[in-house]
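Q: Let me see the structure of the following:
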Amino acid sequence: MSKSVTVSTKIPKELKEKIKELKIKPSKLLRRALEDEIRRREAEKLAEEIEKLRPTLERISVEEIVKSVREDRDRR
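A: Purely as a prediction, here's the structure:
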């Protein structure tokens, strides 16, 4: 089991009343929303890194990649 920490925020009273009225479990909902946002931002960051590497990667032919993979496998 992972260690947990508490994160709190202030919301309007009306929102809290709606949460209670609709029987929403805010901790579960917020946890999922945060996990989704983290995944989305990590994917964006990865896409940016790939874009930076694109000029270098475009200079490497498929044949060179295949050759390198085969050489690496042969060394094992």
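Q: contacts and neighbour counts: CA atoms only from here.
A: Noted.
Q: For the protein, give me the ranges with low pLDDT.
A: 1 (pLDDT under 70).
Q: Next up, the contacts around residue 66.
A: By C-alpha atoms under 8 Å, 6 or more residues apart in numbering, the contact list for residue 66 is empty.
Q: in which helix or strand would I find it?
A: Per DSSP states H and E, residue 66 falls inside helix 62-75.
Q: How far does that helix sit from its chain's centre?
A: Taking C-alpha atoms, centre = their mean, to the nearest Å, one finds the center of helix 62-75 at 30 Å from the center of the full chain.
Q: In three-state terms, how would residue 4 be classified?
A: When classified by DSSP: H, G, I helix; E, B strand; the rest coil, residue 4 comes out as coil.
Q: what about it, neighbour count?
A: The local packing count at residue 4 equals 6, with neighbours defined by other C-alpha atoms under 10 Å.
Q: and the gap between it and residue 31?
A: The gap separating residue 4 from residue 31 is 11 Å, by C-alpha to C-alpha, to the nearest Å.
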